[in-house]
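Student: okay, predicted coordinates and the sequence, questions at the end:
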Amino acid sequence: MSEPISTIKTTSEIVKTTTEVIKPDSVAEIHALQHSDDPRLQNAGNYEADTKQKIAEAKNLLVTLVHAGLVLPIKMTKGAMVKIVESFSLHSESTKQAINQKIESLKNQGILSGEISSIPAFADMAERLVYLDDEPDIKQMFEDLLISTVDLTKNDINHPAYVEVLKQISNQEACNLKLIFSHSPNSIAICNFGFKHHNGGTIPLLKYCLPIPFSEIPAQALENWERLKLIEIVIGLEWITDDSSYKYIQDILAALEKENASYTEHVEISKGVLRFTEFGKNFAKAVGIIE
């Protein structure tokens, strides 16, 4: 529920507070620096002018969000507000446009929340987006997760922990998460291959092998997702999938046999199941992978 109107900062108060805290140099001071005989001071003046422009753009974005219906509660401290504004000021134009368009879309659908569900998470995501222009898959997830904090339809699934999850996956992992969550059922066949030693033990050979189109996802990524509680892997459990799900094992065995004909005689196969946790499914919804 939105806070009483008496506790909400107005647009003018937000802009005034931000301006007072940041306190950029005056126009006259910047102009003097730019026209100095010292090249270093000229550069400093140009830098201050650029900073002033970025802050103005960020304040404009903040005003746009407020006018769109987004409530910024009085409990947001000056430090938090400045941090958010500074982060938005450093976003690329494409990032700013994407966020504006998504906010506008929520407003048009009537599902724009009256307030940000988590100010720390919102500020954290806004800052993280500054560094992600060269990592499009993870950037897209951060944008969608930021927007989910003001999406009424996602109130029940939002969780501050999602930000930390995104911080701990690579851009390639983000790409693979899109693949595995959007193109698969609730469970996927998985298996380990071991080499039976003459003393009765088993030497690990291949770990966490998945069928096509997931076969290129490395075991290291799967271990990371399991650590983050997005998935659960149980080796020795096959009843959730039918026998046909494990046909791909024959292709792996054929490849091993090509490498060494004696492999197949000594290979031990442990079948299992990869399942998505409820936390993982909700995370996937929050970052825009699945509906």
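Tutor: It's in. Being a predicted model, the structure only gives us computed values, none of them experimental.

Student: when you work out contacts or count neighbours from here on, use the C-alpha atoms and nothing else.
Tutor: Fine.

Student: ramachandran coordinates for D37?
Tutor: phi -80, psi -20 (degrees, to the nearest 10).

Student: kindly report the same for E268.
Tutor: phi -110, psi 130.

Student: residue contacts, it?
Tutor: Contact partners of E268, counting by Cα atoms under 8 Å, 6 or more residues apart in numbering, are F193, G194, F195, K196, T202.

Student: confirm for me that the first one is in contact with I235.
Tutor: Yep, that's F193 we're talking about. No: at 11.2 Å, F193 does not count as touching I235 under the criterion of Cα atoms under 8 Å.

Student: please say which of the two ends up with more neighbours.
Tutor: Remark: of F193 and I235, F193 carries more neighbours, 21 against 16, as counted by other Cα atoms under 10 Å.

Student: that's a helix at the more buried one, yeah?
Tutor: No: F193 is assigned strand when assessed by DSSP: H, G, I helix; E, B strand; the rest coil, not a helix.

Student: bridging residues for it?
Tutor: L206, I269 (DSSP bridges).

Student: so where's the protein shaky on pLDDT?
Tutor: 1-25, 52-79, 114, 184, 200, 239-241, 261-264 (pLDDT under 70).

Student: surely K271 forms part of a strand?
Tutor: Yes: according to three-state DSSP, K271 belongs to a strand.

Student: which SSE is the closest residue to L210 other than its chain neighbours in?
Tutor: Nearest residue to L210, sequence neighbours excluded (Cα to Cα, 6 or more residues apart in numbering): I190, at 5.0 Å. Per DSSP states H and E, I190 falls inside strand 187-196.

Student: so which bits of that strand are buried?
Tutor: Burial within strand 187-196, assessed by neighbour count using 16 or more other Cα atoms under 10 Å, is assigned to I188, A189, I190, C191, N192, F193, G194, F195, K196.

Student: again, but for stretch 118-128
Tutor: Buried residues in stretch 118-128, defined by neighbour count with 16+ other Cα under 10 Å: I119, A121, F122, A123, D124, M125, A126, E127, R128.

Student: go on, stretch 172-189?
Tutor: Buried-residue list, stretch 172-189, by 16+ other Cα under 10 Å: E173, A174, N176, L177, K178, I180, F181, I188, A189.

Student: one step back: now list whatever residues contact both of F193 and I235.
Tutor: Contacts common to F193 and I235, judged by Cα under 8 Å, 6+ apart, are S270.

Student: how about the helices in this structure?
Tutor: Secondary structure of the chain (DSSP state H): helices located at 11-22, 27-34, 39-67, 78-90, 93-109, 119-128, 136-148, 161-167, 171-182, 219-227, 248-259, 263-266, 278-286.

Student: restrict the last one to CA atoms and write it as PDB.
Tutor: Coordinates of the C-alpha atoms in helix 278-286 are reproduced here as PDB (Å, rounded to 0.1, in the frame of the first residue of the first chain):
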ATOM      1  CA  GLU A 278      10.600 -22.400  -6.600                       C
ATOM      2  CA  PHE A 279      13.100 -19.700  -5.800                       C
ATOM      3  CA  GLY A 280      14.700 -20.200  -9.200                       C
ATOM      4  CA  LYS A 281      11.300 -20.100 -11.000                       C
ATOM      5  CA  ASN A 282      10.400 -16.800  -9.300                       C
ATOM      6  CA  PHE A 283      13.900 -15.400 -10.000                       C
ATOM      7  CA  ALA A 284      13.400 -16.300 -13.700                       C
ATOM      8  CA  LYS A 285      10.000 -14.400 -13.700                       C
ATOM      9  CA  ALA A 286      11.500 -11.400 -12.000                       C
END
